[in-house]
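> task: produce atomic coordinates for the following.
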Amino acid sequence: MKKFYLLLSFLVLILLTVIIYSCSKLYVNHGFRKTYTDVNDVIHSDPHNNPFFKVHYKNGDVSLLDNWQLNDTKDSISGRGQLFDFNRNQRQEGELVVGLDDIAIIETNDLSTIKSKDKDRITGLTILTATNAAMDIVCITNPKACFGSCPTFYAEGNITKNTADAEGFSSAISPSLEYRDLDALQYHTAARTFDLTMTNEAFETHMINEIYLQAVPKKDREQIFHDKNGSFYTCGDFIPFNSAVTDSKDISASVNSLDDKEYFSDVDRDDLTTKEAIVLEFTNLVPGNKGLVINFRQSLLTTFLLYSGISYMGNEVGDYFAKIETNRYVKDRLKNPFKRLGTIKLYAWNSARNKWIQFGDLYETGPIAKNLILAPLPKNINSTKDLKIKIELTKGLWRLDYLGLTTIKSKAEPLTIYPNKLDVVTGEDYTIDEIARDDDIYLVSLPGNEYTFQFELPELPENGNYELFLSSKGYYLEWVRSDWVQRKDLDKLKKMLLNDEQAWKELAREFKSKEHEMETVFWNSKYTNSQHEGL
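Here you go, the predicted structure:
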């Protein structure tokens with residue numbers, strides 16, 4: 001599950017560049033030949049007035065094309081330009097033809113050249129760099145807190161509230177990092193139809209490969225949860241804690257109900273990895289299988305780190321993204337991109353051994369939608385009358401809405417329900433037949449686009465309900481703000497990604513200076529349809 005940390009998620013590009021700098025066989029030479037460096041500097045010098053179209057090949061070559069076009073067969077593009085080889089020596093100039101299957105990633109600052117349905121494959125490979133769309137009118141005060149993190153989903157069209165019901169594949173910031181995400185919509189219904197609205201509220205390109213519901217029937221006074229592995233459970237009522245304490249501070253009022261009152265702490269001024277612990281105490285428990293229920297989301301720390309990394313890359317951001325796409329070893333190493341900041345670790349107190357025993361951990365990328373997840377307790381403590389649970393997490397990285405126990409009655413089997421209808425509110429005119437269950441066709445969503453999927457639910461017995469979960473598969477591409485391009489600093493990037501202590505201390509202090517305004521800037525920078533005309 002969760003559009004690094006991404007991410008939002010630790011920074012995918014951080015691990016990428018750690019690998020690039022620390023593994024000689026993956027080394028990328030930053031001393032490109034002068035011809036390529038000069039061209040790259042020129043096209044980014046005034047990106048609003050100098051349209052460019054740069055193609056990174058899977059073999060490491062790069063082309064700069066003028067007046068390109070998609071050929072009739074839609075399997076290649078052609079145009080006039082320059083071709084540079086892997087060592088950035090100019091190899092060819094003039095008419096060039098590029099097969100789409102040979103392309104790793106594309107960079108352009110001209111949205112109009114890729115914005116059409118017949119160019120969807122090209123759109124899905126393109127990073128918009130300092131685009132000539134009017135995107136810099138937002139986030140000016142704090143560009144590292146701009147709203148973003150993949151597609152956002154709203155149950156029954158309820159798009160007026162501050163947080164979404166789900167956000168999809170938040171760590172999938174490049175095509176090869178595509179994955180399937182499972183989210184609890186925290187919505188139940190007995191109706192025969194259900195509408196789900198998907199929006200693009202950020203300066204990103206969203207590529208949606210597949211969407212379906214996991215609907216689990218339940219009876220009155222039953223609850224349905226999923227664990228981090230995607231298994232579903234039928235459960236009873238919540239079991240409240242007697243106390244919730246961290247660092248001698250009672251936080252019970254913030255985490256005792258699903259009410260959007262979140263507990264969160266501030267980051268350490270000098271160390272972004274500093275941990276804290278929350279201890280929950282339960283008494284007079286009845287024997288039986290139980291699980292810890294946690295409702296949480298990330299803070300904007302990973303968003304800040306992602307945007308910091310991209311800004312340090314500057315006008316070489318395309319070269320870094322191309323590396324993700326062209327090296328399987330790099331991609332495999334990116335499967336755990338947030339290792340430095342750590343997961344949420346779960347412990348139970350073992351009185352016989354007089355020590356804390358870890359029984360699980362949780363991680364979900366993204367600062368937008370909350371994740372309601374169940375962590376089953378070990379069998380050996382399910383008969384314990386009194387129980388203490390410790391939750392260890394990185395300070396300033398998480399926002400917790402609810403903590404508590406529940407009784408697990410049984411495993412549950414979901415019904416997989418695909419959408420039967422698609423309403424295009426704003427965006428390209430896709431049909432449900434074009435995108436349903438086809439791994440080769442994507443719905444491409446640009447800023448301001450909005451689509452509503454309708455689902456037909458099977459009839460239920462009287463007094464029954466469905467608890468609904470969303471499965472979404474795809475990836476997204478950040479639009480690189482002009483402010484980021486101008487802040488290129490590969491030396492800072494290298495130090496950041498090699499875990500240089502001073503570099504990380506400076507990052508901590510920079511985030512600390514913005515920490516209390518980040519959420520306000522983030523939510524106020526959501527892209528709305530009123531801005532759509534600018535695209």
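
> and stretch 313-320, what's its mean pLDDT?
Averaging pLDDT along stretch 313-320 yields 88.

> next, the distance between the ends of that stretch.
8 Å (CA to CA, to the nearest Å).

> would you map the helices across the stretch 51-200 of the chain?
Remark: helices assigned in the stretch 51-200 of the chain by DSSP state H, counting those that start in this stretch are 120-123.

> how about low-confidence regions in it?
Counting by pLDDT under 70, the stretch 51-200 of the chain has low-confidence residues at 131-143, 160-161.

> just the strands from it, written as ranges.
53-57, 62-70, 76-84, 90-99, 103-108, 126-128, 152-155, 166-167, 179-189, 193-199 (DSSP state E, counting those that start in this stretch).

> could you export those as a markdown table, including mean neighbour count?
To be clear about C-beta, it is placed using only N, CA and C from the backbone, and glycine gets the same treatment. Below are these laid out as a markdown table (neighbours: other CB atoms under 10 Å):
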| stretch | mean neighbour count |
| --- | --- |
| strand 53-57 | 24 |
| strand 62-70 | 18 |
| strand 76-84 | 18 |
| strand 90-99 | 13 |
| strand 103-108 | 25 |
| strand 126-128 | 25 |
| strand 152-155 | 23 |
| strand 166-167 | 30 |
| strand 179-189 | 20 |
| strand 193-199 | 21 |
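
> out of these, which comes closest to residue 235?
The closest of the strands of the stretch 51-200 of the chain to residue 235 is strand 179-189. By CB to CB, the value is 12.4 Å.

> what helices or strands is that closest one leaning on?
Using 3 or more CB pairs under 8 Å, 6 or more residues apart in numbering; DSSP states H and E, the elements in contact with strand 179-189 are strand 152-155, strand 166-167, strand 204-218, strand 223-226, strand 371-376, strand 465-478.

> what do you get if the cut-off is 7 Å, keeping everything else the same?
strand 371-376, strand 465-478 (3 or more CB pairs under 7 Å, 6 or more residues apart in numbering; DSSP states H and E).

> which residues are contacting it?
1-2, 155, 165-166, 168-169, 172, 226, 230, 369, 371-372, 465-473 (CB atoms under 7 Å, 6 or more residues apart in numbering).

> what's stretch 419-438 in contact with?
Here stretch 419-438 has contacts from 117, 210-211, 418, 441, 443-446, 448-456, 529, 532, using CB under 7 Å, 6+ apart.

> same check on stretch 451-459?
By CB under 7 Å, 6+ apart, stretch 451-459 touches 157, 191-198, 211, 213, 215, 415, 417, 419-425, 427, 443, 466.

> that stretch: which residues count as buried?
By 16 or more other CB atoms under 10 Å, the buried positions in stretch 451-459 come out as 451, 452, 453, 455, 457.

> for the fourth one, name its beta-bridge partners.
Going back to what we said before, that points to residue 455. residue 194 (DSSP bridges).

> need the pLDDT of the residue at the greatest distance from the centre of the chain.
The outermost residue of the chain, judged against the average C-alpha position, is residue 352 (41.4 Å), by CA atoms, centre = their mean. In this model, residue 352 is scored at 86, pLDDT.

> picking that back up, can you put the buried residues of stretch 451-459 in TSV and add distance to residue 317, pLDDT and secondary structure?
Formatted as TSV, the buried residues of stretch 451-459 follow (distance: CB to CB, whole Å; pLDDT from 0 to 100; DSSP: H, G, I helix; E, B strand; the rest coil):
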residue	distance to residue 317	pLDDT	secondary structure
451	28	96	strand
452	33	96	strand
453	33	97	strand
455	38	97	strand
457	44	97	coil
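
> dump these to JSON lines, plus distance to residue 94.
What follows is these, written out as JSON lines (distance: CB to CB, whole Å):
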{"residue": "451", "distance to residue 94": "42"}
{"residue": "452", "distance to residue 94": "47"}
{"residue": "453", "distance to residue 94": "46"}
{"residue": "455", "distance to residue 94": "52"}
{"residue": "457", "distance to residue 94": "58"}
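
> report the beta-bridge partner residues of residue 69.
residue 78.

> surely it is in contact with residue 80?
No: contact criterion CB atoms under 7 Å: residue 69 and residue 80 do not qualify, at 10.8 Å.

> how's the protein carved up into domains?
What the record gives for the chain is the domain set 28-141+305-335+479-490, 143-303+337-415, from automatic domain parsing.

> looking at the buried residues of stretch 451-459, which is nearest residue 86?
For the buried residues of stretch 451-459, the nearest to residue 86 is residue 451 (40.0 Å; CB to CB).

> and the closest one, how far from residue 341?
33 Å (CB to CB, to the nearest Å).

> which residues touch stretch 217-235?
Against stretch 217-235 from outside (CB under 7 Å, 6+ apart): 182, 184, 216, 237, 291, 293, 362, 372-376, 406-412, 414, 460, 463-467, 469.

> now with 8 Å, please.
1, 182, 184, 188, 214, 216, 236-238, 291, 293, 360, 362-363, 372-376, 406-415, 460, 463-467, 469 (CB atoms under 8 Å, 6 or more residues apart in numbering).

> just the buried members of the residues you listed?
Using 16+ other CB under 10 Å, the buried members of the contacts of stretch 217-235 are 1, 182, 184, 188, 214, 216, 238, 291, 293, 360, 362-363, 372-376, 406-408, 412, 414, 460, 465-467, 469.

> rebuild the domains of the chain as TSV, extending it with distance to residue 517.
Output for these, formatted as TSV (distance: least, CB to CB, whole Å):
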stretch	distance to residue 517
domain 28-141+305-335+479-490	8
domain 143-303+337-415	7
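
> how far away is the residue most central in space within the chain from residue 377?
The centroid of the chain falls nearest to residue 170 when counting by CA atoms, centre = their mean (1.3 Å). Per CB to CB, residue 170 is found 28 Å from residue 377.

> show me where pLDDT drops low in the stretch 351-500 of the chain?
437-438.

> show me where it has helices.
So, for the stretch 351-500 of the chain - with DSSP H, counting those that start in this stretch - the helices run 432-435, 482-485, 490-497.

> could the ones you listed go into TSV alongside mean neighbour count?
Shown next, in TSV, are the helices of the stretch 351-500 of the chain (neighbours: other CB under 10 Å):
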stretch	mean neighbour count
helix 432-435	14
helix 482-485	20
helix 490-497	19
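
> need those in TSV (columns: distance to residue 326).
Output for the helices of the stretch 351-500 of the chain, formatted as TSV (distance: least, CB to CB, whole Å):
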stretch	distance to residue 326
helix 432-435	28
helix 482-485	22
helix 490-497	19
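
> how near is the closest residue to residue 401 other than its chain neighbours to residue 55?
Counting by CB to CB, 6 or more residues apart in numbering, residue 401 lies nearest to residue 295, which is 4.2 Å off, once chain neighbours are set aside. Noted for residue 295: a distance of 44 Å to residue 55, by CB to CB.

> burial of residue 351, as a residue count?
Counted by other CB atoms under 10 Å, the residues lying close to residue 351 total 11.
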